[in-house]
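*Asks:* here you go, sequence then predicted model.
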Amino acid sequence: MQKVTDNVYTDTTLRGCNPSVVVTSDGVVVIDPGQLPTKVVELRTFAEERGPIRFVINTEHHVDHIFGNYFFRGTGTVIANKGVDDNFMVVGPDLDPYEYAKEAVPTDDPEGAAIFPERDVYERDMNRPQVVFTGDVTLRVGEHVFELIHTPGHTPGQVAVYVPQERAVFTGDTVFSECQTWLMSSDVDGWLAALDRIAELDFDYLIPGHGPVTDKAYLEVQRSNLLDWVGAVAAAVAKGWSRRETMERVSFAERYPVDVGQGYMMNHIQTLNAAALWDKLSGTR
């Protein structure tokens, strides 16, 4: 685990999101436990060595942020926005979250196969949020304040976790630091508004959903990445390019690598982003 401040730790070296821990005078808060089984168990051990786990916060519903809840059964209260709870491990037409989590084990956590739960076992006790909120929520744990700020855009239930005592904010996937941004079904206008809201906070350390720890200045880099994608696809639509042409011709693959463990998905990300924006900007879907 990387020590960001005296009380804040994160791990940016794993496939999936950056799992994080904040140590307080009255226990530990875990933010996004991750997805790889042995790594989640190691995270739980790391946290419990520093105090009882009071809360597990999920910043969004994507599987790399929530699958690890299963391995935190019996610890702190799981808390998330209603948008996370509504979409928690929901199987969609293009993705089965359980199978997606399972797919990563042989390549990124082979020892995790021994403790990866069968689907029926997992579904009986996936440890979904016990506290579900709308809007913003403030938690007080020991002498620390945790402001859970609803920042929809990347996902409907997206939250940022601001810890003013540590001058740190955990943005979840509102920020992809120095790696490819996944747009998928995002609301880009909402995402840009989320960046504005985070920029209003007073902090030094930005712990992103993916990629290295950074600072407030990176918010403008993320904004530029989003606007570049929108501009490129809007130009394609204006030229009359079809959905297929746009998927084939619009790409920002040269800008950043894919986050840890998913380099093979570079082309998929480019086509997924282009297609999703084409659908929205062309008004055909």
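*Replies:* That came through, no problem.
*Asks:* quick one: the strands in the stretch 51-200 of the chain?
*Replies:* Assigned by DSSP state E, counting those that start in this stretch, the stretch 51-200 of the chain shows strands spanning 53-57, 77-81, 131-133, 137-141, 144-150, 159-163, 168-176.
*Asks:* what mean pLDDT does the second one get?
*Replies:* Pointing back at strand 77-81 there. Taken as a whole, strand 77-81 has an average pLDDT of 98.
*Asks:* buried ones in it?
*Replies:* For strand 77-81, the neighbour count (16 or more other C-beta atoms under 10 Å) marks 78, 79, 80, 81 as buried. Placement of C-beta: from N, CA and C, glycine included.
*Asks:* my guess is the first one contacts residue 128, does it?
*Replies:* Yes: using C-beta atoms under 8 Å, residue 78 is in contact with residue 128, at 6.8 Å.
*Asks:* which neighbours do those two share?
*Replies:* Counting by C-beta atoms under 8 Å, 6 or more residues apart in numbering, the residues touching both residue 78 and residue 128 are residue 69.
*Asks:* residue 20 is in contact with residue 170, correct?
*Replies:* Yes: between residue 170 and residue 20 there is a contact at 5.9 Å, judged by C-beta under 8 Å.
*Asks:* quick check: neighbours shared by the two?
*Replies:* Joint contacts of residue 170 and residue 20 (C-beta under 8 Å, 6+ apart) are 31, 32, 207.
*Asks:* show me the contacts for the last one.
*Replies:* Taking C-beta under 8 Å, 6+ apart as the definition of contact, the neighbours of residue 207 are 4, 8, 10, 18, 20, 31, 168, 169, 170, 171, 213.
*Asks:* dump the residues you listed to a markdown table, plus neighbour count, distance to residue 155 and pLDDT.
*Replies:* Listed next are the contacts of residue 207 as a markdown table, based on neighbours: other C-beta atoms under 10 Å; distance: C-beta to C-beta, whole Å; pLDDT from 0 to 100:
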| residue | neighbour count | distance to residue 155 | pLDDT |
| --- | --- | --- | --- |
| 4 | 20 | 24 | 98 |
| 8 | 23 | 23 | 98 |
| 10 | 24 | 20 | 98 |
| 18 | 29 | 16 | 98 |
| 20 | 28 | 18 | 98 |
| 31 | 26 | 15 | 98 |
| 168 | 23 | 21 | 98 |
| 169 | 26 | 17 | 98 |
| 170 | 28 | 15 | 98 |
| 171 | 29 | 12 | 98 |
| 213 | 18 | 22 | 98 |
